[in-house]
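K.L.:
return a 3D structure for these sequence lines:
(2 chains)
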Amino acid sequence: MFKKIIAASTAKSPWIYHINTGSCNGCDIELVAVLTPRYDAERFGFKLAGTPRHADIVVVSGPITSQSKDRLIRTLEQVPEPKVVVSIGSCPKSGNVFKGSYSVEAPLDKYCKVDVSIAGCTPKPEAIIEGLYKAAQILKEKREAMNK
Amino acid sequence: MIPFLKVALTNLFSKPSTVKYPYVPVEAKPRYRGRIAYDGDKCVNCGMCVKVCSPGAINRIYKDTEDGQDITYEFDHTSCTFCGMCQDFCDEGAITLTTDYHMVATDPEDLIVRGVCHKVNPKGNISCNTDLCVYCTLCAKKCPSGAITVDRAAKTWTVNIGKCTKCGACIKTCPKKAVYFAEPKPQVVVCGDDCVYCTLCAKKCPEEAITVDRAAKTWSFDASKCVQCGKCVAACPKKTLSFADGE
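P.N.:
Okay, the predicted model is just below:
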């Protein structure tokens, strides 16, 4: 019974951890806008977590610069399973206009499995809400599979 | 004190400013640049979009078909910056950035828009192999535009190139398989006497096949680079550029 209560409550509060891996700040601003009262992602229980150890969903923005690569891998390792990785914008998936640069280590798929990718440069806040909502559903499925 | 109270009271009784997005659909603004829509029928495969795309999100795959080539255009939205340059540079209006912003996918394949542009190989002029021809006049009878004249007595076969629409009806009907399309002559762009050396044609050319020197008043053309998209001919303000049979 105790497990059921935990499962029901965690499903309704997926916590987000946001990593900026050298992004231009466009996607980061839009992600923050999603959490403001205007778009209010907290309606669905999304909340920015202060540390990766508290997070369920990791949101990655930016083209993964060489400087941030090691930090990204270390952060991803700290996130407890089940975790869902969401990429925002074109940068983490391909490197966008920075691809081919000596200091860019995109794509993100090299380091972990990307569950949801939100395209756009930058994506509209509505699209980010859609992506996070999808991520929460995947998280729920993953947790159910783990608890079986 | 009073103004603050006024704001507090109005806020107390006003509706929340939250956009109720997933429950109430939200349309993007009319000029929003979202998912790319590609119309292969309008495309002339000039390659300008590929050239102006800064992240290299557009890819072309060539496949030979019976009467030409199928060129599959791939627009990768995981690479796109949605700058709209491809749309601006497409003279044919084959590329449009729609207001569709719902680009969320678990499979990256869903974020690739594909379209096929079909390019028909140019056909040469109708010709007849007189060694095989028996002057049966079947081809002349079948020709819908009356371009072929066959004289049975004089044993002559002539075609009026101006009338011929290259439909191929004569080739299908010939019992001796003597009628055929000749090898097409390569098309080149030629510049007439009215040229004012405005360099517009050179600017429009996606392959940089045309070079114009304004000071020296020279116009030169590189046939090996030309993709025969016709942009230069359309752009010429003096209408002096035209296609012609090359060597």
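K.L.:
just name whatever secondary elements the helix or strand harbouring residue B:189 is in contact with.
P.N.:
Residue B:189 belongs to strand B:187-191 when assigned by DSSP states H and E. Contact partners of strand B:187-191 among helices and strands, from 3 or more C-beta pairs under 8 Å, 6 or more residues apart in numbering or on different chains; DSSP states H and E: strand B:218-221, strand B:241-245. C-beta: built from backbone N, CA, C; applies to glycine.
K.L.:
with just CA atoms, put the first one into PDB.
P.N.:
Taking Å, rounded to 0.1, in the frame of the first residue of the first chain, the C-alpha atoms of strand B:218-221 are listed here in PDB:
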ATOM      1  CA  THR B 218      32.600  40.600 -70.500                       C
ATOM      2  CA  TRP B 219      30.100  37.900 -69.900                       C
ATOM      3  CA  SER B 220      31.300  34.300 -69.600                       C
ATOM      4  CA  PHE B 221      29.600  31.000 -69.000                       C
END
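K.L.:
quick one: strands adjacent to it?
P.N.:
Strand B:218-221 has its sheet partners listed here by DSSP bridges as strand B:210-213 (antiparallel).
K.L.:
show residues contacting the partner strand.
P.N.:
Outside strand B:210-213, the residues that touch it by C-beta atoms under 8 Å, 6 or more residues apart in numbering or on different chains are B:189, B:197, B:198, B:199, B:201, B:202, B:218, B:219, B:220, B:221, B:222, B:232.
K.L.:
so what's the second one closest to, chain neighbours aside?
P.N.:
Setting aside the residues directly before and after it, residue B:197 is nearest to residue B:214 in space (C-beta to C-beta, 6 or more residues apart in numbering or on different chains), at 4.9 Å.
K.L.:
state the distance from that neighbour to chain A.
P.N.:
Residue B:214 sits 33 Å away from chain A when distances are taken as C-beta to the nearest C-beta, to the nearest Å.
K.L.:
my read: that residue touches residue B:196, true?
P.N.:
No - the pair residue B:214 and residue B:196 fails to qualify as a contact (C-beta atoms under 8 Å) at a distance of 9.4 Å.
K.L.:
where do the contact lists of these two overlap?
P.N.:
In contact with both residue B:214 and residue B:196: no residue, using C-beta under 8 Å, 6+ apart.
K.L.:
quick one, what contacts the spatially most central residue of chain A?
P.N.:
Nearest to the geometric centre of chain A sits residue A:59, at 1.8 Å (C-alpha atoms, centre = their mean). Shown in contact with residue A:59 (C-beta under 8 Å, 6+ apart): A:16, A:17, A:18, A:19, A:31, A:86, A:87, A:88, A:132.
K.L.:
isn't residue B:29 right up against residue B:99?
P.N.:
Yes - counting by C-beta under 8 Å, residue B:29 touches residue B:99, with 7.3 Å between them.
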